[in-house]
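Asks: take this sequence and fold it.
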Amino acid sequence: MGLLSEVTREYIGSLQFVKAVEREARIPTHITDIVAVVGARRVGKTFLMLQKARELLERGENVIYVSMDEPFFRRMEARKLAELAKSEYPEGRIHLFLDEVQEWRNWDFNLRWLHDVKDFYIYVSGSSSTLQSSEIPSRLRGRYVSVVLLPFSFREAAGPLGAGGFRDRGTARGLLEDYLKWGGFPEVWLARSREKLVSIVETVFYRDIVERQGVRSVGEFKEVFYYVLSQYGNAVTWRSLRRLLEGEGLKLDTKTLIRYVYSMQQAFLLFQVKKFSFSERERAVSPRKIYLVDHSIATLFEQPMDLGRRVENVVYTHLLRRTGDPERISYYTTRRGREVDFIVREPGGATRIYESTLRATREHVDKAEQACRELKCSHATVVALEAEELEGLPERVSVVPLLEFLLRG
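Replies: So this is what the prediction gives:
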């Protein structure tokens, strides 16, 4: 057994010591583009890559898995790595998994070279501060596809729930209460640990943003950081956000504020949702809403829990998993000035409407139905933590319990 094969088997062997949770995200294989697994820090990117490497190895395919933070590989040239790989697998294409790829000197050049020699199927993952969605296109120049990995969905966190009897429904409700509190970061969910949550957020703050972006005023940025996170689910403009910060005693210019917020977005910590409009100018100047990559982050500044906003954030991330594209999700304001939480544009052009709430009322139904009429969509869904039965619902509006909505996938 060669060096690379031995290293691969050692890494894959480590899976036996990790509690496995079945992920719904899938890594495509046997494609010529580089597959980049991207997402927030500690959402399970390495685990997903190792699972795929093991699966391919068990099917008898040529597989090499290397973590580029090992000193031996960090300074190795791409040509040398390719020679080693081909000495162990002389025939056929090799599935080459490269983790912590940001540690590899000249990683973008090396990946382009490996891609162009056409001897490898290439899969990469690494720090969210390096494999940012804004950098991959320029660094890899169109030679890639990305797989965005988010924290656990509720369905992933809950696992198999049985045949759906009253015991399973009771278990599911209890798990949903836990999920609304602890969220879906794997180690936080499995340990139900606030300490681990703090560790993740602080690591993102210092390593993925402060160090990466070269932030000089760390104290100033820290105040902005937590204040912006605390505004999740709210509609804000740059001007209104700046004024809110001034009310907290922090004065900074709009350009600096925009830079701080976008650095948080590039680290996959938050998403910005724009207003739905057929006018690009209106979308640009209208308030935007902020959502967290995982609602558990709100635990660090929110006491007591704002359950309504958490439910809204959970519905957002669930829709994001479905669509795979944050640009397809907007919010909407009806002609009467009533805000509807989410408008999803399907690839075929269809429009779906979603309204989230703690308890469904006639007002929520009427608002969703009005948006449906204005946008000429076929269906609207009101997602409620408590979905009491309402009589006389419009034909194109349904009320769905949050639990059922999240388990549908």
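Asks: and stretch 68-82, end to end?
Replies: End-to-end distance for stretch 68-82, by C-alpha to C-alpha, to the nearest Å: 14 Å.
Asks: and that stretch, which residues are buried?
Replies: For stretch 68-82, the neighbour count (16 or more other C-beta atoms under 10 Å) marks 68, 73, 76, 78, 81-82 as buried. All C-beta spots, glycine's among them, are computed from the backbone N, C-alpha and C.
Asks: equivalent analysis for stretch 51-62, please.
Replies: 51-54, 56-57, 61-62.
Asks: and that stretch, how far out from the chain middle?
Replies: Distance, stretch centre to chain centre, for stretch 51-62: 26 Å (C-alpha atoms, centre = their mean, to the nearest Å).
Asks: list the contacts of that stretch.
Replies: 8, 11-12, 15, 20, 23, 27, 29, 63, 65, 89, 92-95, 97, 123 (C-beta atoms under 8 Å, 6 or more residues apart in numbering).
Asks: pull out the buried residues from the residues you listed.
Replies: Buried subset of the contacts of stretch 51-62 (neighbour count, 16+ other C-beta under 10 Å): 8, 11-12, 23, 27, 63, 65, 89, 94-95, 97, 123.
Asks: for the residues you listed, give me CSV that also has pLDDT.
Replies: Listed next are those as CSV, based on pLDDT from 0 to 100:
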residue, pLDDT
T8, 96
Y11, 95
I12, 95
R23, 91
I27, 96
V63, 98
Y65, 98
Y89, 97
I94, 98
H95, 98
F97, 98
Y123, 97
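Asks: tell me the two of the residues you listed that are most distant?
Replies: Farthest-apart pair in the buried ones among the contacts of stretch 51-62 is R23 and Y89; separation 27.3 Å (C-beta to C-beta).
Asks: helices of the stretch 301-409 of the chain, residue ranges please.
Replies: 307-323, 362-375, 402-408 (DSSP state H, counting those that start in this stretch).
Asks: may I see these arranged in JSON lines, with distance to H295 and mean pLDDT as well?
Replies: Conversion of the helices of the stretch 301-409 of the chain to JSON lines gives the following (distance: least, C-beta to C-beta, whole Å; pLDDT from 0 to 100):
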{"stretch": "helix 307-323", "distance to H295": "4", "mean pLDDT": "96"}
{"stretch": "helix 362-375", "distance to H295": "20", "mean pLDDT": "94"}
{"stretch": "helix 402-408", "distance to H295": "12", "mean pLDDT": "93"}
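Asks: low-confidence stretches in this protein?
Replies: Filtered on pLDDT under 70, the chain yields the residue ranges 127-139, 161-167, 409.
Asks: what's near enough to touch the residue most central in space within it?
Replies: Centroid-nearest residue in the chain: L150, 3.2 Å away (criterion: C-alpha atoms, centre = their mean). Contact partners of L150, counting by C-beta under 8 Å, 6+ apart, are 25, 39-40, 43, 184, 293-294, 317, 320-321.
Asks: and the residues you listed, which are buried?
Replies: 25, 39-40, 43, 184, 293-294, 317, 320-321.
Asks: among those residues, name the ones in strands.
Replies: Of the buried ones among the contacts of L150, the ones assigned to strands by DSSP state E are G39.
Asks: on that earlier part again, I'd like the contacts of L150 as JSON lines, with distance to V261 appended.
Replies: Formatted as JSON lines, the contacts of L150 follow (distance: C-beta to C-beta, whole Å):
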{"residue": "A25", "distance to V261": "26"}
{"residue": "G39", "distance to V261": "19"}
{"residue": "A40", "distance to V261": "16"}
{"residue": "V43", "distance to V261": "21"}
{"residue": "G184", "distance to V261": "23"}
{"residue": "V293", "distance to V261": "14"}
{"residue": "D294", "distance to V261": "18"}
{"residue": "T317", "distance to V261": "19"}
{"residue": "L320", "distance to V261": "18"}
{"residue": "R321", "distance to V261": "23"}
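Asks: count of neighbours near the closest residue to R345 other than its chain neighbours?
Replies: Nearest non-adjacent residue to R345, counting by C-beta to C-beta, 6 or more residues apart in numbering: R328, 4.8 Å away. Number of residues near R328 (other C-beta atoms under 10 Å) recorded here: 16.
Asks: correct me, but R328 touches I343?
Replies: No: counting by C-beta atoms under 8 Å, R328 does not reach I343; the two are 9.1 Å apart.
Asks: OK, contacts around the closest residue to L375 other than its chain neighbours?
Replies: In this structure, L375 finds its nearest non-sequential neighbour in T351, 5.2 Å apart by C-beta to C-beta, 6+ apart. Applying C-beta under 8 Å, 6+ apart to T351 gives the contacts 343-345, 375-377.
Asks: now name the helix or strand holding Y123.
Replies: Applying DSSP states H and E as the criterion places Y123 in strand 120-125.
Asks: partner strands of that strand, with direction?
Replies: As defined by DSSP bridges, the strand partners of strand 120-125 come to strand 34-39 (parallel), strand 94-99 (parallel).
Asks: mind listing the helices for the stretch 1-150 of the chain?
Replies: 3-13, 45-58, 71-74, 78-88, 107-117, 136-140.
Asks: surely Y144 and V37 touch.
Replies: No: proximity of Y144 to V37 does not meet the contact threshold set by C-beta under 8 Å, at 10.8 Å.
Asks: what about the residue nearest to T361 when sequence neighbours are not counted, distance to L175?
Replies: Excluding the flanking residues, the one nearest T361 by C-beta to C-beta, 6+ apart is L390, at 8.0 Å. Remark: distance between L390 and L175 (C-beta to C-beta, to the nearest Å) = 26 Å.
Asks: kind regards, and thank you for your time.
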